[in-house]
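Asks: this one's sequence-less:
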Ligand code: CP
Ligand code: NVA
């Protein structure tokens, strides 16, 4: 079964093919109304379940539109509406869903839920975000970087803020695509060693730099994300904000990056917290290209999973 569970668990040649395929599919649709079908209909007759145990705008809509453009049908399900939210096991849910649908995308809390779904499903499972990783986002981000600046191999990428799930997938991508990655944030919010270890073992240069100015100096890409993720408790809000404020991406900080550096944020953003509106709407920002590229990257991921 070809699941897309994480970037570090996927063959790097397949990852490269997915990015290139996504770009080709995007080019082939250029200028068309969003609702028109692709020339190729590789998902014709296929049914895709999109399960959300957390809120979503981009993931929900980009997967739904992507499936439809490729000729398939979707069912968008919220965890709470399913028996999954009322005590039915993940394993039973996976086996039942596999009798109805051809592909499952799930956004959930614990990574174990995703892994159990994949273990018991007879159809491919795609990770639409867990507390630990967000691989579909970073596939779109790699695609976006390369559209603007060419191969990401050897680029210097700096992350400012919380060492969270989106950062972990960046670290996995650093290993698989060969870019240098610097984490800049408070020690209390350092990323998990596993993700950094994977990147290092794969030969990527990975650094932790507490000084945001030093971290951003000479960067080709600066990345921010929300200071409080969906799985974080709101009770620590003020303490986290105080710790993270020095890592806000603002115009003064971006001055230290390369002149043609890009700025990314997976969105949703809390404007003027992790990044200022001046940066988000400024000349370095490619945040809406990232959002668009979720659509194209995920279409390539789904086709890879289904072998179509
Ligand atoms: N970036 C991202 O995954 O956005 P949503 O939470 O809106 O899906
Ligand atoms: N780190 C964020 C990403 C949202 C797309 C979260 O998990 O809430």
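Replies: In hand now; what should we look at? For clarity, every value in this text was computed on a predicted model and none was experimentally measured. Ligands and ions are numbered 1, 2, ... in the order given.
Asks: What sits closest to the residue nearest in space to the middle of the chain if chain neighbours are left out?
Replies: Closest residue to the average C-alpha location of the chain: residue 137 at 1.7 Å, with C-alpha atoms, centre = their mean. The spatial neighbour of residue 137 that comes closest, neighbours along the chain excluded (C-beta to C-beta, 6 or more residues apart in numbering), is residue 266 at 4.8 Å. For glycine as for every other residue, the C-beta is placed from the backbone atoms N, C-alpha and C.
Asks: Then residue 200?
Replies: Residue 200's closest residue in space is residue 206 (C-beta to C-beta, 6+ apart), at 5.3 Å.
Asks: Same check on residue 145?
Replies: Of all residues not flanking residue 145 in the chain, residue 152 sits nearest, at 4.9 Å (C-beta to C-beta, 6+ apart).
Asks: mind checking pLDDT for the one you found?
Replies: Here the pLDDT value assigned to residue 152 is 98.
Asks: helix, strand or coil for it?
Replies: At residue 152 the chain is in coil, as set by DSSP: H, G, I helix; E, B strand; the rest coil.
Asks: One more: residue 293?
Replies: Assignment for residue 293 (three-state DSSP): helix.
Asks: Correct me if wrong: residue 263 contacts residue 279.
Replies: Yes. Between residue 263 and residue 279 there is a contact under C-beta atoms under 8 Å: 5.6 Å.
Asks: Settle it for me: which of those two has more neighbours?
Replies: In this view residue 263 and residue 279 are compared by other C-beta atoms under 10 Å, and residue 279 has more residues nearby, 25 against 21.
Asks: list the contacts for that one?
Replies: 249, 250, 251, 254, 263, 285 (C-beta atoms under 8 Å, 6 or more residues apart in numbering).
Asks: what's the helix or strand residue 17 falls within packed up against?
Replies: Element membership for residue 17 (DSSP states H and E) is helix 12-28. Here helix 12-28 touches helix 135-149, helix 165-177, helix 287-306, going by 3 or more C-beta pairs under 8 Å, 6 or more residues apart in numbering; DSSP states H and E.
Asks: for the record, mean pLDDT for it?
Replies: The model assigns helix 12-28 a mean pLDDT of 98.
Asks: can you pull the buried residues of it?
Replies: 15, 18, 19, 21, 22, 23, 25, 26 (16 or more other C-beta atoms under 10 Å).
Asks: Just name the closest of those to ligand 2, please.
Replies: Comparing the buried residues of helix 12-28 against ligand 2 with C-beta to the nearest ligand atom places residue 22 closest, at 18.9 Å.
Asks: wouldn't that closest one be in contact with residue 293 here?
Replies: Yes. Assessed by C-beta under 8 Å, residue 22 is found in contact with residue 293 at 7.1 Å.
Asks: Mutual contacts of the two, please.
Replies: residue 143.
Asks: just the helices in the stretch 101-250 of the chain please.
Replies: Taking DSSP state H, counting those that start in this stretch, the helices of the stretch 101-250 of the chain run over residues 111-120, 135-149, 165-177, 193-201, 212-216, 237-244.
Asks: Could you tell me how many residues sit around residue 42?
Replies: When neighbours are counted by other C-beta under 10 Å, residue 42 comes out with 15.
Asks: Highest mean neighbour count out of the helices of the stretch 101-250 of the chain?
Replies: Compared across the helices of the stretch 101-250 of the chain, helix 165-177 shows the largest average neighbour count, a mean of 26 (mean count of other C-beta atoms under 10 Å).
Asks: Packing partners of that one?
Replies: Judged by 3+ C-beta pairs under 8 Å, 6+ apart, helix 165-177 is in contact with helix 12-28, helix 135-149, strand 156-160, strand 180-184, helix 193-201.
Asks: got a list of contacts for the fourth one?
Replies: Contacts with strand 180-184, where a contact means C-beta under 8 Å, 6+ apart, come from 154-161, 163, 167, 170-171, 174, 190-191, 196, 199, 204-212, 215-216, 219, 247.
Asks: switch the cut-off to 6 Å
Replies: Residues outside strand 180-184 that contact it (C-beta atoms under 6 Å, 6 or more residues apart in numbering): 156-160, 163, 174, 191, 205-209, 212, 215.
Asks: ok, of the residues you listed, which one's closest to residue 233?
Replies: residue 163 (16.5 Å; C-beta to C-beta).
Asks: that older thread, looking at the helices of the stretch 101-250 of the chain, which is closest to ligand 2?
Replies: helix 165-177 (4.9 Å).
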